[in-house]
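Q: have a look; sequence and predicted model below, questions after that.
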Protein chains: 2
Amino acid sequence: MSRQSIWLRPVPESGLGRPAEWSREQITAAAMAIADAEGLSAVTMRRIAAALGTGAASLYRHVSTRDDLVDLMIDRALGDLDPPMETGDWRADVVAVHLARLQYLRRRPWVLDGILARPAIGPNAVQMIEDTLRLLTPHSASGSTKMEAITVLAGLLYTIAQHERPRDGVGDQESLAAQMAVLQTAVCDGTHPHLAAAFEQPAPHVAESPDERLSRILALVLDGLLPEP
Amino acid sequence: MSRQSIWLRPVPESGLGRPAEWSREQITAAAMAIADAEGLSAVTMRRIAAALGTGAASLYRHVSTRDDLVDLMIDRALGDLDPPMETGDWRADVVAVHLARLQYLRRRPWVLDGILARPAIGPNAVQMIEDTLRLLTPHSASGSTKMEAITVLAGLLYTIAQHERPRDGVGDQESLAAQMAVLQTAVCDGTHPHLAAAFEQPAPHVAESPDERLSRILALVLDGLLPEP
DNA sequence: TAGCGTTTGCGTACGCTGTTCGCAAGTAGC
DNA sequence: GCTACTTGCGAACAGCGTACGCAAACGCTA
């Protein structure tokens, strides 16, 4: 039932009774190992239990639901992300932090899957917000405006990360090409003139790397949300 | 297996053999009715089949997988969205179109669930891109820059829609409050000074309605991505 | 040492899911 | 009527998250 977020009801830690053989952290680590190897959909209660050498029902002594476990995995994964060096230019630093997050999401695609499926906020997510707020200190905008900007930038990050990846379905790598094929079909049938024109025009950013792309877009959006004073 | 998007392999329509008793459209409509009433997770092959008065296996003659069906549902839902009147001011019109889309997502939350789970592009999604491109005609930016802006605006829309809703889990309406509780806990424990400061400061947009909020943010981001010439 | 309260480990089972298989049923052309 | 072909669908399979109930293991108290 999980009436509230798992972060609000910490481990009992009573000391009485039979001592636990595993901890939340060990279970989470085992689940993350499976996710790293085979993606989030392979993270099954039975699989985790098997990796720990036990039965599936045992996990429910430490985690009340599978979704709780995903929350734990995501937050722990966010904690593994260490931010880049700061230069002192806060605009560049904000962009750099988000670029580092994108690179991390590329390395652990299942984290993005989890965030999209369960947008819950854990301690490490709070820490990330705190860090970004600290970077934004020089700007004169109000706190809630900054929070708004942080939300938008994070959403933008997820959007781009989702757009630039092959696709989550393991065997379905060419579905990005399939998306393009759908678009091409629409372009060629003559009923979408603006789309066709957009595809024929020369693109100004053709030689751009994915990292440069994100940095440029992030800088533009950041300028819109928190303009120079 | 579904080697490519369902939009690229249309209905066989051979004319030979026993005639079909249902069409993709009827199946999709039945599925959408269930989703409207009980959410996307209630859309089960057996439920759809029961609504149609048949067995689950029959559906696989018209749809190769459940995910295909979700794609069909989403695209058909996008087709039900009619754009608002145009004023001639393209910036205001772009904002108004996206606001109408947000309002539609509020009315049919399962569409957002589907988009986040399966970001596939169907004919109606292509039409939406075409429409937005047409609105952007007055601007001098290149086609690919406009496509980029459209992608970002759509992602922003989904981000805000997801943030402003209770939560998808039917019985878990208070999880937004739970999110806030996690944040409050972090604010109170003293280890997040910038977060605490952001919460104490007076917010400039307190009296704002959700619609005004989206419009304001959209306008800001749009200014950043496609600035005045 | 024995008993007790309390907690964990976990085999088993339930209901549910998406999907496959094989065969019966129905239609068009020869 | 026969053949080619397609659809309808009951039954079954493998897998899932989760609940239940009891055995096992610990600290405490008598």
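A: Here it is on my side, so go on. Numbering: from 1, shown residues only, chains lettered A, B, ... in the order given.
Q: check contacts around A:Asp131.
A: For A:Asp131, the contacting residues are A:83, A:97, by Cβ atoms under 8 Å, 6 or more residues apart in numbering or on different chains. To be clear about C-beta, it is placed using only N, CA and C from the backbone, and glycine gets the same treatment.
Q: show the subsequent helix or strand relative to the helix or strand encompassing it.
A: Assigning secondary structure by DSSP states H and E places A:Asp131 in helix A:123-135. Using DSSP H and E, the next helix or strand after helix A:123-135 towards the C-terminus is helix A:143-163.
Q: just to revisit the earlier point, and the angle for the helix holding A:Asp131 with helix A:143-163?
A: Counting by axes from the mean of the first three to the mean of the last three Cα atoms, to 10 degrees, helix A:123-135 lies at 120 degrees to helix A:143-163.
Q: then helix A:123-135 to PDB, C-alphas only?
A: C-alpha atoms of helix A:123-135 as PDB (Å, rounded to 0.1, in the frame of the first residue of the first chain):
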ATOM      1  CA  PRO A 123      17.600  12.800  -0.500                       C
ATOM      2  CA  ASN A 124      20.100  12.800  -3.300                       C
ATOM      3  CA  ALA A 125      17.600  14.500  -5.600                       C
ATOM      4  CA  VAL A 126      17.200  17.100  -2.900                       C
ATOM      5  CA  GLN A 127      20.900  17.500  -2.800                       C
ATOM      6  CA  MET A 128      21.000  18.100  -6.500                       C
ATOM      7  CA  ILE A 129      18.500  20.800  -6.200                       C
ATOM      8  CA  GLU A 130      20.400  22.300  -3.400                       C
ATOM      9  CA  ASP A 131      23.600  22.200  -5.400                       C
ATOM     10  CA  THR A 132      22.000  23.900  -8.400                       C
ATOM     11  CA  LEU A 133      20.500  26.500  -6.200                       C
ATOM     12  CA  ARG A 134      23.900  27.300  -4.800                       C
ATOM     13  CA  LEU A 135      25.200  27.800  -8.300                       C
END
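Q: can you list the buried residues in it?
A: Of the residues in helix A:123-135, A:123-133, A:135 count as buried by neighbour count, 16 or more other Cβ atoms under 10 Å in any protein chain shown.
Q: then stretch A:92-102?
A: Of the residues in stretch A:92-102, those buried under the neighbour-count criterion (16+ other Cβ under 10 Å) are A:93-99, A:101-102.
Q: ok, that stretch near chain B or not?
A: No. With Cβ under 8 Å from any Cβ of the partner chain as the threshold, stretch A:92-102 lies outside contact range of chain B, at a closest distance of 13.0 Å.
Q: number of residues surrounding A:Leu40?
A: One way to gauge burial is a neighbour count; for A:Leu40, by other Cβ atoms under 10 Å in any protein chain shown, it gives 21.
Q: next: the one 5 residues further on.
A: Using other Cβ under 10 Å, A:Met45 has 19 neighbouring residues.
Q: find the nearest non-adjacent residue to it, please.
A: A:Ala56 (4.4 Å; Cβ to Cβ, 6 or more residues apart in numbering or on different chains).
Q: gap between the one you found and A:Arg47?
A: Distance of A:Ala56 to A:Arg47, computed by Cβ to Cβ, to the nearest Å: 9 Å.
Q: got it, and A:Ala92?
A: Using Cβ to Cβ, one obtains 42 Å as the distance from A:Ala92 to A:Arg47.
Q: what residues does chain A have near DNA strand C?
A: Counting by Cβ under 7 Å from any atom of the strand, the positions of chain A adjacent to DNA strand C are A:12, A:14, A:16-22, A:54-58, A:60-62.
Q: just checking, which of the residues you listed belong to helices?
A: When DSSP state H is applied, the residues of chain A next to DNA strand C are split such that A:56-58 fall in helices.
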